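S.K.: Requesting a structural model of the entry that follows:
(2 chains)
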Amino acid sequence: MKREEFLNALEKELSALDTHERCCALEFYEELISDGSDSGADEELLIAGFGTPKEIAGQILADSKLAPTPEEVKAAGESDSFARPPKDGFAADGAIHAIVIDTGNTAVELRPVASGPVQVHFNPSQHDKISVLEENGVYTFRHRIHFNPFTLGWFPAFGPRRIVVDVPEDYSGTVLVTDSNAGLTATGLRGVTEARFETSNARVKLHDMHIDALEVKTSNGGVELQDLSGSSCLAKTSDARISASGCEFSKRLKLRTSNSPIRLWKCTCPDMEFVTSNASVSGCLTGDARDFAIKSHTSNASNSLPEHMAYPDQTKSLEVRTSNAKIDVRFVGEK
Amino acid sequence: MDTQRKKGVLEICVLAALQKEPSYGYSIVGAVTPYLSVSESTLYPILRRLEASGCVSTFTQEYSGRLRKYYKLEPPGKEKIEQFLAEAEEMRRIYKYVEEESVK
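M.R.: Model (predicted):
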C-alpha cells in the first residue's frame, strides 16, 4: 500500500473520532512514514509492518474510549448537555403517569398548576448536564452538575438554584424524586398514587397533598409533613426533627429519626409508630385512646403513655420509642 | 508476552527512551524494538495515553521542510520509571522463587 492510499484508508476508519483527534493520529503515521523513508526504509514494506488501517484504527478507537484526554472531557461536557433544547422549560409532550426527577446538589420544588403539561423549569448553566426522556408515559428529568477541574470558576453552579416542576392539579400517577445535599418541597398535588422523596443533608417539606403511598427519606435534615392524606406514610431522617400535623393515613404512619424530637399535631392513623432517641416525642393524636393497643418506652424521663396496654379487641396500634427524653403524647377527640 | 503485561512494560520502555532527550515517533520505535516488538499501531495509543496523563509533553520542530512531533519526559513520567525500578528487586525475588520451584 502506498502512503496516500494508506492514509486515506486510515482516515476513513477513524471517522468516529473528532477532527482534532483524527488529525493527530494521521499526522503521527504520516511522520513515521516520512522518517522511515528518509532513513532508507522501503515505504510499502514499512506500511505493511504497521498492520492494516482497520487494526490500527481499532487500537486507537478502543483506547480513546478508555482514556479521554482533558480536551475530550471538556468537549463532551459542552456538547452533550441537552437531549432536548429548553424552549419554555422542559415540557412533556404526552400524557404522563410517572414523573422521575433525579438530581444532586440542587433543590427541587413540585408545585401544582391548574392545567398544562408536566414541565420542569430550570435554567441550566454550562456546568449542568441534563437529559430529559419521555417514554411510555414516564417523564424522566436527570440533572448533574458537571464540573471540570480544569475549568476555574465552576463554583457559582452551587448557588441557590432550584428545579421547579409544574404538575397539573389533576395529575394521577407516581412521583419519584432523588436528590442529595439539597432540599425537596412539594405541595398541592391531590391525586398521587405513589411518591418517594429521597435526599440527604437537607430537609423535606410536604404540604397539603393526597398521596396514596408516601415514602420520605433524608438525613441530617428535618421532615415537615402538613395536611397530608393517603393510605401509608413512611418518613425517615436522622439527627433532625420530624413534624407531622393534620396528617390522616388509612393504613400506617411511621416516623423515624434520631437525636431529635418528633412533633405531632392532630394526626390520625390506625397503625402509628414514632421512633427517635435522645429527644422527646410529643403532641396530640386524633382518636380515642381506648381503640389503640399501645406500646411505649423511654428512659430517664416521663412518659404520658402506658408502657404496654393491649386488649384483644383493639384493632389499632400505637408504638412510641425514645430515650433520655419524655414522651408526651395525648389523644384528642375526632376533629 | 501477555498483552496486559506487555502494555504496561511498553509504557515504561517508551518513557525510558525519552530519558536522555526528547524524541519522535520513528526514533522511539527504533529504540524500543530491540527489546520488545512494538508495532506502530500500539505506539500511538501509548504515546497519546502518556500525554493525557501528563507523563510526557509534546512540541513540534521543523525537520527537512516538514514538522516533526517530539515527546518530552515530564516529572510524572520520571516518577513512573522510578516506581518501576523500585519494584524490580521484588520482581527478581519472585522470578527466582518461581524458577527454583520449577527446577525441583
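S.K.: Could you use CA atoms for every contact and neighbour count after this?
M.R.: Will do.
S.K.: Kindly state the pLDDT recorded for the closest residue to A:Arg142 other than its chain neighbours?
M.R.: Spatially, and ignoring its direct neighbours in sequence, A:Arg142 is nearest to A:Asp102 (4.7 Å; Cα to Cα, 6 or more residues apart in numbering or on different chains). For A:Asp102, the pLDDT comes out at 93.
S.K.: A:Asp102: what's it in contact with?
M.R.: By Cα atoms under 8 Å, 6 or more residues apart in numbering or on different chains, A:Asp102 lies in contact with A:Thr140, A:Phe141, A:Arg142, A:His143, A:Val177, A:Thr178, A:Asp179.
S.K.: May I ask which of those residues has the most neighbours?
M.R.: Within these, A:Asp179 tops the neighbour count with 24 neighbours, counted by other Cα atoms under 10 Å in any protein chain shown.
S.K.: wait, what's in contact with it?
M.R.: If you count contacts by Cα under 8 Å, 6+ apart, A:Asp179 has them with A:Asp102, A:Thr103, A:Gly104, A:Asn105, A:Thr106, A:Ala107, A:Glu198, A:Thr199, A:Ser200.
S.K.: repeat that with 10 Å
M.R.: By Cα atoms under 10 Å, 6 or more residues apart in numbering or on different chains, A:Asp179 lies in contact with A:101-108, A:143-144, A:197-202, A:218.
S.K.: Next step: those residues restricted to strands.
M.R.: Counting by DSSP state E, the part of those found in strands is A:Ile101, A:Asp102, A:Ala107, A:Val108, A:His143, A:Arg144, A:Phe197, A:Glu198.
S.K.: ok, so of these, who is nearest chain B?
M.R.: A:Arg144 (24.8 Å; Cα to the nearest Cα).
S.K.: any idea how far the closest one lies from A:Ile130?
M.R.: Look at A:Arg144 and A:Ile130: by Cα to Cα, to the nearest Å, they are 7 Å apart.
S.K.: out of the two, which sits in the more crowded spot?
M.R.: Applying other Cα under 10 Å to A:Arg144 and A:Ile130 shows that A:Ile130 carries more neighbours, namely 21 against 17.
S.K.: Please tell me how far that one sits from chain B.
M.R.: For A:Ile130, the distance to chain B equals 27 Å [Cα to the nearest Cα, to the nearest Å].
S.K.: which ones are touching the spatially closest residue to B:Val32 that is not a sequence neighbour?
M.R.: Distance criterion Cα to Cα, 6+ apart; nearest residue to B:Val32, sequence neighbours excluded, is B:Cys13 at 6.4 Å. Shown in contact with B:Cys13 (Cα under 10 Å, 6+ apart): B:Lys7, B:Gln19, B:Ile28, B:Ala31, B:Val32, B:Thr33, B:Tyr35, B:Leu36, B:Ile81.
S.K.: Most neighbours among those, please name it.
M.R.: B:Ile28 (20 neighbours).
S.K.: What residues does that one make contact with?
M.R.: By Cα under 10 Å, 6+ apart, the contact list for B:Ile28 reads B:Cys13, B:Val14, B:Leu15, B:Ala16, B:Ala17, B:Leu18, B:Pro22, B:Val38, B:Leu43, B:Tyr71.
S.K.: Any idea how far the helix or strand hosting it is from the middle of the chain?
M.R.: Taking DSSP states H and E as the definition, B:Ile28 sits inside helix B:25-32. Mean-position distance between helix B:25-32 and its chain equals 10 Å (Cα atoms, centre = their mean, to the nearest Å).
S.K.: Tell me the helix or strand right after it.
M.R.: Using DSSP H and E, the helix or strand that follows helix B:25-32 in sequence is helix B:40-52.
S.K.: Contacts for the following helix or strand past that next one next, please.
M.R.: Using DSSP H and E, the helix or strand that follows helix B:40-52 in sequence is strand B:56-63. Under the criterion Cα under 10 Å, 6+ apart, residues A:35, B:15, B:18, B:22-24, B:47-51, B:66-78 lie in contact with strand B:56-63.
S.K.: hmm, the next helix-or-strand element following strand B:56-63 touching chain A?
M.R.: Proceeding N to C from strand B:56-63, the next assigned helix or strand is strand B:66-73, under DSSP H and E. Yes. Judged by Cα under 10 Å from any Cα of the partner chain, strand B:66-73 comes into contact with chain A at B:Arg66, B:Leu67, B:Arg68, B:Lys69.
S.K.: Now strand B:66-73 - C-alpha only, CSV.
M.R.: Extracted in CSV, the C-alpha atoms of strand B:66-73 (Å, rounded to 0.1, in the frame of the first residue of the first chain):
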residue,chain,number,x,y,z
ARG,B,66,8.3,19.3,7.4
LEU,B,67,7.1,19.2,11.0
ARG,B,68,8.1,16.6,13.5
LYS,B,69,6.4,16.0,16.8
TYR,B,70,8.7,15.5,19.7
TYR,B,71,7.8,13.9,23.0
LYS,B,72,9.5,15.1,26.2
LEU,B,73,9.6,13.2,29.5
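S.K.: how many other residues sit next to A:Ala325?
M.R.: Residues lying near A:Ala325 (other Cα under 10 Å) number 21.
S.K.: partner residues bridging the nearest residue to A:Tyr311 once chain neighbours are set aside?
M.R.: Of all residues not flanking A:Tyr311 in the chain, A:Ala293 sits nearest, at 6.7 Å (Cα to Cα, 6+ apart). For A:Ala293, the beta-bridge partners are A:Ser317 (DSSP bridges).
S.K.: does A:Ala293 really touch A:Glu273, like I thought?
M.R.: No. Assessed by Cα atoms under 10 Å, A:Ala293 is found out of contact with A:Glu273, at 11.6 Å.
S.K.: Who are the contact partners of A:Ala325?
M.R.: A:259, A:261, A:276-281, A:298-303.
S.K.: swap the cut-off to 7 Å and go again
M.R.: Listed by Cα atoms under 7 Å, 6 or more residues apart in numbering or on different chains, the contact set of A:Ala325 reads A:Asn278, A:Ala279, A:Ser280, A:Thr298, A:Ser299, A:Asn300, A:Ala301.
S.K.: what's the burial count for the second one?
M.R.: As a burial measure, the neighbour count of A:Ala279 was computed by other Cα under 10 Å and equals 22.
S.K.: Also the last one?
M.R.: The tally of other residues near A:Ala301 (other Cα under 10 Å) stands at 13.
S.K.: Now name the helix or strand holding it.
M.R.: Counting by DSSP H and E, A:Ala301 is held by no secondary-structure element, helix or strand.
S.K.: List the contacts of it.
M.R.: A:Asn324, A:Ala325, A:Lys326.
S.K.: run the last query once more with 10 Å
M.R.: Counting by Cα under 10 Å, 6+ apart, A:Ala301 touches A:Ser280, A:Thr322, A:Ser323, A:Asn324, A:Ala325, A:Lys326, A:Ile327.
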